[in-house]
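S.K.: output the structure for:
(2 chains)
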Amino acid sequence: MTVVLRVNRFAPRPARDRERSRKSSPFARKSSPFADARAARKPRGRSWVQEYEVQARGNDTLLDCLLAIKRDIDPTLAFRYSCGHGMCGSDAVAVNGTPMLLCKAKVRDCAHQPVAPIVDDAGFRRTSVDGEPSPVAETAKPVVELAPLPGFPVQRDLVADIDPMLEQIRRFKPYLQADGVLATTVDGKVDVFEYLQRPEQLARYERLSTCITCGVCEGACPVYAGGEAFIGPAALINQARFIDDSRDRARQERLEALDTADGFQACQSVRACSRECPVGIDVGEEIWQLIAQSKEQEA
Amino acid sequence: MSPNTIEEHYDAIIVGAGAAGLSAALAFTRSEAVDQARREGHDPRVLVVSKLQPLRSHTGSAEGGIAASLGNMEPDSWQWHYFDTVKGGDWLVDQDAARLLAQEAPATVINLERSGVAFSRTQDGLIAQRRFGGHTSDFGGEPVKRAAYAADRIGHQILHTLWQQCVGAGVHFAEEWYVTDLVLDDAKGRVEGVVAFDTHTGKVHALHAANVLLATGGAGRLFHTTSNSHDLTGDGMALALDAGLQLEDMEFVQFHPTGLAHTGILLSEASRAEGGILRNAQGEAFMQRYAPGHADLAARDVVSRAIRAEVDAGRGIADPKDPDGPKDCVWLDMTGIDPDHMRAVLPQVVETIEQYAGLDPSVDLVPVKPTAHYTMGGIPITVDGEVYRLDADGSRHVVEGLFAAGECSCVSVHGANRLGGNSLLDACLFGTRAGEGIALRFQDGPVDALEALDACPDDPELDQAATRRGTDVDALLAANAVEDIQGDENGSDNAYRVMRDLGATMDRGFAVLCDGASLGEARAALAGDLSDRVGALRAHSDERTFNQELTAIWEARHLVELADCVLSSALARHESRGSLYRTDFPARDDANFLAHTMMATDAAARWQPVRILDIEPGRRAY
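M.R.: Predicted coordinates:
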């Protein structure tokens, strides 16, 4: 079938132009006490929407389509991709407004018939007429809308700067802090063995350890993507992975470090983060469990 | 992310942030030598340069396990692992290296566990292990559970754990930087550094370094059907060739028997270890016929060729997604595995099948086809990770300060065919050893001390290379070239098309089976059409920042160069061994070819005898 990919493209203004304009303005970012974080994050450059028509099968992924575009139509279209099957976490973008991985999103599930908006006399857009589905433009081709991952500054086309997420993960000692005790053999010599961990202990955090830091949960979170001060679901999941690991000795400190205004206190329990996690982590529930554990600790 | 400051001179540049690169960075920072130098006031300047973002490296896709004779499930010994590795590699394995690999495997795995890897466990809490093809007890006896695993995502676990530990150790990264040049001094005896292109800013950097480690992974993208990520374009190997060095045993490429039909996506060997059976169009479990006793768990090349033989005999099946297409697949039957157990131990395999084939492996047969998986050959290194050149007199000549590790290197522990579970082990162990070697060299001459004495080498070649690369970038981006290319119907060629056509050429001429004629045809296509096209490539946009086409053009150049090395190495070897099967020379020929191919660009192959210590060449039968 023929599908139209409607891509929100962006080209950054060259750095030298940016520097020049900043220097020339007495109200440039740094000097203004009123410049808020969102204005600073707003990318400077040219935005436009470009439509590409491709032939695709329902089972094809959106990544398949974009690779075909790069090869056959427009090699300048920029998007990240690597393994192509959901392991590396490179290719999170907004598909019809919802963050997901390009390599897991199927044309069949994402292409929709464009709906002709019905506007009533008062100017309100109605979603349906007397319970009837909205009329679709019969002749129109199915469309998929693509935009960079929400919540992060765009760098070019579908490439977003996810460094803020990685910085947030880095902030909280994202590594195992075990006791480091070495086992000894029968005759008292030091012998290095693995830490013991029973299958049920592993089960407590195994799913959390499969996070691929793709940023889908962050882009879906209205608090995080909305620009509020929040360390974000990805950093919380990373910490939960260690908090629930029987080998880790820093559980208490980790919980305390997260119990701040921009930590899990900022979570509004919207749970949008859970819906599209490509590895099936119930992110919202896990954050809730963190809060519960923290409360338990206080009690 | 770019580093906050870019140093004039580095103690070490590590190229690649997968298992090998991160293991090296970690071993370096954890080493006694660095610790001592720090106490003496010398802070090491180390930068890990990666063309990807963190945690995207292909290590993360490894599924099945990492081999070590821990003996957690049943008796095992490193001697058996050593034997299996040598035999699995069809005796093209350097035994000093393989011996080390098997001996150090348990400590390597335990170190990973203690760093945080979430291994699957036995009821007693030990690291769990599973069977893997070619791993046996008693020197070729019964299959043994040797592959330590983490469900079927051991690579993900190792990659994330190593990165996490590197974060803890304060390792500096330059991410989405593409290394374009490896620069040696004029006499090719010492490394000067690398030239790297920052894809974010579009700037070319000359990174002077006392030590460089290449850990860029394999070159699966030489082929169209491959399990490898789009980034495995053999960059490190091509950099070595460009610098005038040799590559070793490049004709040995492993084709994993169970790629998911035409997608090439890997279905872990664990799917067969847990009871999956290959069947032909008639439903026959044919592996029993090709490898009695081992059947579906025979070595990978044996299984891949058996599949090809079934297909050639007309007993193949078409990919159900392309029912009218070629009957070049066979069935993987996993219906005998308990569905709950399957989901518990093979979650990734099940998900891949559901997601990309739309099938339920507990009731449906799954179409599979051999997929290019691993390059056994690579940059020749010593067991301490030092890159060397083989001189005409047969002696090894180490390039001072240049190291390599992981899939881009060849130490040769895999010989002509790698056993499952040995790749992560190779990357982690030899990455660690290289990191330790670099630490010792750092202790001997930290660059901050040399700088203070104004004793850093000038490295004129490096600065020249950076200037040349800047000119290259300008030419690729030149606005008039962009207009030409867009205005001209024939000029609309691009790197992505070149790479697709190269992959098809290599699939046809080299994959699984080949002969002199097929290799020759592929080589002619390379020398003619593909080389011309790759030379004419220009970017379709003159933007410097985040211009992915620039990187793709360099990758296409690297692949074309490397493809020629692979083909000429295969043409030079008049025998069949391990993964290389030449139908015109179907037998192994120890009298003439018990030797490694050392191939440089535009030079005849040199042959380096295999190092044999304990295990005399025997028949490799399963």
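
S.K.: which secondary structure element is home to A:V3?
M.R.: Here A:V3, judged by DSSP states H and E, is contained in strand A:2-12.

S.K.: can you list contacts of that strand?
M.R.: By Cβ atoms under 8 Å, 6 or more residues apart in numbering or on different chains, the surrounding residues in contact with strand A:2-12 are A:43-56, A:62, A:65-66, A:69, A:77, A:107, A:111, A:141-148, A:154-158, B:543, B:545-546. All C-beta spots, glycine's among them, are computed from the backbone N, C-alpha and C.

S.K.: ok, now with 6 Å
M.R.: Strand A:2-12 is contacted by residues A:45-54, A:56, A:65, A:107, A:111, A:141-147, A:154, A:157 when judged by Cβ atoms under 6 Å, 6 or more residues apart in numbering or on different chains.

S.K.: repeat that for stretch B:374-390.
M.R.: B:97, B:100, B:218-219, B:237, B:240, B:245-246, B:248-250, B:252-254, B:396-399, B:402-405, B:408-411, B:414, B:418, B:430, B:433-434, B:437, B:598, B:606, B:608.

S.K.: stretch B:123-139 now?
M.R.: With Cβ under 6 Å, 6+ apart as the test, stretch B:123-139 has contacts from A:194, A:196-198, B:72-73, B:80, B:83-84, B:88, B:119-122, B:143-149, B:269, B:273, B:297, B:299, B:419-421.

S.K.: beyond the helix or strand of chain A with the lowest mean pLDDT, next helix or strand please.
M.R.: In chain A, no helix or strand scores lower on mean pLDDT, DSSP states H and E than helix A:37-41, which sits at a mean of 50. Per DSSP H and E, the first helix or strand lying C-terminal to helix A:37-41 is strand A:45-55.

S.K.: ok, residues contacting that following strand?
M.R.: A:2-13, A:65, A:68-69, A:73.

S.K.: mind listing what's buried in that strand?
M.R.: Of all the residues in strand A:45-55, those buried under the rule 16 or more other Cβ atoms under 10 Å in any protein chain shown are A:Y52, A:V54.

S.K.: go on, stretch B:220-239?
M.R.: B:220-239.

S.K.: can you pull the domain assignment for the chain?
M.R.: As the question left the chain open, I've gone with chain A. Here the domain assignment for chain A is A:2-160, A:163-298, based on automatic domain parsing.

S.K.: chain B, not that one
M.R.: According to automatic domain parsing, the ranges for chain B are B:9-58+B:159-241+B:435-452, B:261-370, B:460-589.

S.K.: need the winner for burial among those domains.
M.R.: Greatest average neighbour count among these goes to domain B:9-58+B:159-241+B:435-452 (a mean of 23), per mean count of other Cβ atoms under 10 Å in any protein chain shown.

S.K.: now it: mean pLDDT?
M.R.: In this model, domain B:9-58+B:159-241+B:435-452 has a mean pLDDT of 97.

S.K.: can you measure across that domain, start residue to end residue?
M.R.: 12 Å (Cα to Cα, to the nearest Å).

S.K.: so does it get close to chain A?
M.R.: Yes: Domain B:9-58+B:159-241+B:435-452 reaches chain A (Cβ under 6 Å from any Cβ of the partner chain) through B:L55, B:R56, B:Q164, B:Q165, B:V167, B:G168, B:S229, B:H230, B:D231.

S.K.: which strand or helix spans B:V350?
M.R.: According to DSSP H and E, B:V350 maps onto helix B:347-357.

S.K.: export that helix as CSV, just CAs?
M.R.: The C-alpha trace of helix B:347-357 is given here as CSV (Å, rounded to 0.1, in the frame of the first residue of the first chain):
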residue,chain,number,x,y,z
PRO,B,347,12.0,-13.9,26.0
GLN,B,348,14.0,-12.0,23.4
VAL,B,349,13.8,-14.8,20.8
VAL,B,350,10.0,-15.1,21.3
GLU,B,351,9.5,-11.4,21.0
THR,B,352,11.6,-11.1,17.9
ILE,B,353,9.6,-13.9,16.3
GLU,B,354,6.3,-12.4,17.3
GLN,B,355,7.3,-8.9,16.3
TYR,B,356,9.1,-9.4,13.1
ALA,B,357,7.6,-12.6,11.7
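
S.K.: list the helices and strands it packs on?
M.R.: Using 3 or more Cβ pairs under 6 Å, 6 or more residues apart in numbering or on different chains; DSSP states H and E, no helix or strand is in contact with helix B:347-357.

S.K.: can we see that at 10 Å?
M.R.: On a contact count with 3 or more Cβ pairs under 10 Å, 6 or more residues apart in numbering or on different chains; DSSP states H and E, helix B:347-357 meets strand B:253-260, helix B:270-273, helix B:339-345, strand B:366-375.

S.K.: between it and strand B:366-375, what angle do the directions make?
M.R.: Relative orientation of helix B:347-357 versus strand B:366-375 (axes from the mean of the first three to the mean of the last three Cα atoms, to 10 degrees): 110 degrees.

S.K.: now the helices for chain A?
M.R.: Assigned by DSSP state H, chain A shows helices spanning A:15-24, A:37-41, A:62-72, A:107-110, A:163-171, A:199-203, A:216-220, A:233-243, A:251-258, A:272-275, A:283-298.

S.K.: who's sitting farthest from the centroid in chain B?
M.R.: Distance from the centre of chain B peaks at B:L453, with 40.1 Å (Cα atoms, centre = their mean).

S.K.: where's that one relative to B:A209, distance?
M.R.: 18 Å (Cβ to Cβ, to the nearest Å).

S.K.: what of A:R46?
M.R.: A:R46 is 38 Å from B:A209, by Cβ to Cβ.

S.K.: equivalent analysis for A:A203, please.
M.R.: From A:A203 to B:A209 the distance is 45 Å (Cβ to Cβ).

S.K.: same question, B:R343
M.R.: Relative to B:A209, and taking Cβ to Cβ, B:R343 is found at 47 Å.

S.K.: try B:Y82
M.R.: From B:Y82 to B:A209 the distance is 35 Å (Cβ to Cβ).

S.K.: ok, B:I337 - contacts?
M.R.: B:S271, B:E274, B:G275, B:G276, B:I277, B:R343, B:V345, B:L346, B:V350, B:P361, B:S362 (Cβ atoms under 10 Å, 6 or more residues apart in numbering or on different chains).

S.K.: with B:H160 instead?
M.R.: Residues near B:H160 by Cβ under 10 Å, 6+ apart: A:174-175, A:209-213, A:238, A:241, B:54-55, B:59-60, B:116-118, B:153.

S.K.: how about it, phi and psi?
M.R.: phi -70, psi -40 (degrees, to the nearest 10).

S.K.: ok so, going back, minimum pLDDT in the contacts of strand A:45-55, which residue is that?
M.R.: Scoring the contacts of strand A:45-55 by pLDDT puts A:R13 last, at 85.

S.K.: test my guess that it contacts A:R156.
M.R.: No: the pair A:R13 and A:R156 does not pass the contact test of Cβ atoms under 10 Å, sitting 11.3 Å apart.

S.K.: which one of these two has more residues nearby?
M.R.: A:R156 (25 against 13; other Cβ atoms under 10 Å in any protein chain shown).

S.K.: can I assume the more buried one is in contact with A:P148?
M.R.: Yes: look at A:R156 against A:P148 with Cβ under 10 Å: they come within range, at 8.9 Å.

S.K.: residue 222 - nearest residue in space that isn't next to it in sequence?
M.R.: Let's take chain A. Take A:P222 and drop its neighbours on the chain: the residue closest to it by Cβ to Cβ, 6 or more residues apart in numbering or on different chains is A:V270, 5.6 Å away.

S.K.: um, chain B though
M.R.: Nearest non-adjacent residue to B:L222 (Cβ to Cβ, 6+ apart): B:M506, at 5.0 Å.

S.K.: shouldn't A:F152 be in contact with A:L158?
M.R.: No: if you go by Cβ under 10 Å, A:F152 and A:L158 don't touch, sitting 11.2 Å apart.

S.K.: CA-only coordinates of the host helix or strand of the residue nearest to B:L222 in PDB, if you can.
M.R.: Element membership for B:M506, per DSSP H and E: helix B:495-509. Listed next in PDB are the C-alpha coordinates belonging to helix B:495-509 (Å, rounded to 0.1, in the frame of the first residue of the first chain):
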ATOM      1  CA  ALA B 495      26.100   5.900   0.200                       C
ATOM      2  CA  TYR B 496      23.000   4.000   1.300                       C
ATOM      3  CA  ARG B 497      22.500   2.500  -2.200                       C
ATOM      4  CA  VAL B 498      26.200   1.700  -2.500                       C
ATOM      5  CA  MET B 499      26.100  -0.200   0.700                       C
ATOM      6  CA  ARG B 500      23.000  -2.100  -0.300                       C
ATOM      7  CA  ASP B 501      24.500  -3.100  -3.600                       C
ATOM      8  CA  LEU B 502      27.800  -4.100  -2.000                       C
ATOM      9  CA  GLY B 503      25.900  -6.300   0.500                       C
ATOM     10  CA  ALA B 504      24.100  -8.100  -2.400                       C
ATOM     11  CA  THR B 505      27.400  -8.600  -4.200                       C
ATOM     12  CA  MET B 506      29.000 -10.100  -1.100                       C
ATOM     13  CA  ASP B 507      26.000 -12.300  -0.400                       C
ATOM     14  CA  ARG B 508      26.100 -13.600  -3.900                       C
ATOM     15  CA  GLY B 509      29.900 -14.100  -4.200                       C
END
